[in-house]
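Q: Output the structure for:
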Amino acid sequence: MSKENLEFVEGILWNSAQDIENLGYKVSNAANAIEIIAAVVEDEPTSGALWFLRDSLKDIADKIIEHSDKMYDDRKAMMDSRQPTKSKKSK
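A: Okay, the predicted model is just below:
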């Protein structure tokens, strides 16, 4: 693959990882909003349902962020693999 193509793919990985990471943070923020509501709701089953929803969204957000972290790692590995290795000079 040419250098230009690799740089293009690396850019796509970077942008995609950022987009996915942002989605993870948005889901996490939605879970935080639900937590605020759940904390003041006292009647069951509404309170339990809100806490379940909050926990589920937090789990989803964590998995989304894990995937974006993997994409960042894959991009770094791709960049590292195309770096020329330095050879020792003979004296």
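
Q: can you count the residues close to the closest residue to L53 other than its chain neighbours?
A: In space, and not counting its chain neighbours, L53 is closest to I34: 5.4 Å by C-beta to C-beta, 6 or more residues apart in numbering. Heads up, the C-betas are built off the backbone N, CA and C, glycines and all. I34 is flanked by 20 other residues according to other C-beta atoms under 10 Å.

Q: Also G24?
A: G24 is flanked by 20 other residues according to other C-beta under 10 Å.

Q: now the strands for the chain?
A: Using DSSP state E, no strands are assigned anywhere in the chain.

Q: now the helices: where do they sit in it?
A: Here the chain has its helices, by DSSP state H, at 3-40, 46-81.

Q: Now do the residue nearest to the spatial centre of the chain against K58, distance only.
A: Centroid-nearest residue in the chain, with C-alpha atoms, centre = their mean: I65, separated by 2.5 Å. In this view, I65 and K58 are 11 Å apart by C-beta to C-beta, to the nearest Å.

Q: Could you pull out the residues contacting both of those two?
A: S28 (C-beta atoms under 8 Å, 6 or more residues apart in numbering).

Q: ok, and for stretch 28-35, which residues are buried?
A: Judged by neighbour count (16 or more other C-beta atoms under 10 Å), stretch 28-35 contains these buried residues: 28, 30-31, 34-35.

Q: before we move on, the earlier item: just to check, the residue nearest to the centre of the chain is in contact with K26?
A: No. With contacts counted by C-beta atoms under 8 Å, I65 stays clear of K26, the gap being 11.1 Å.
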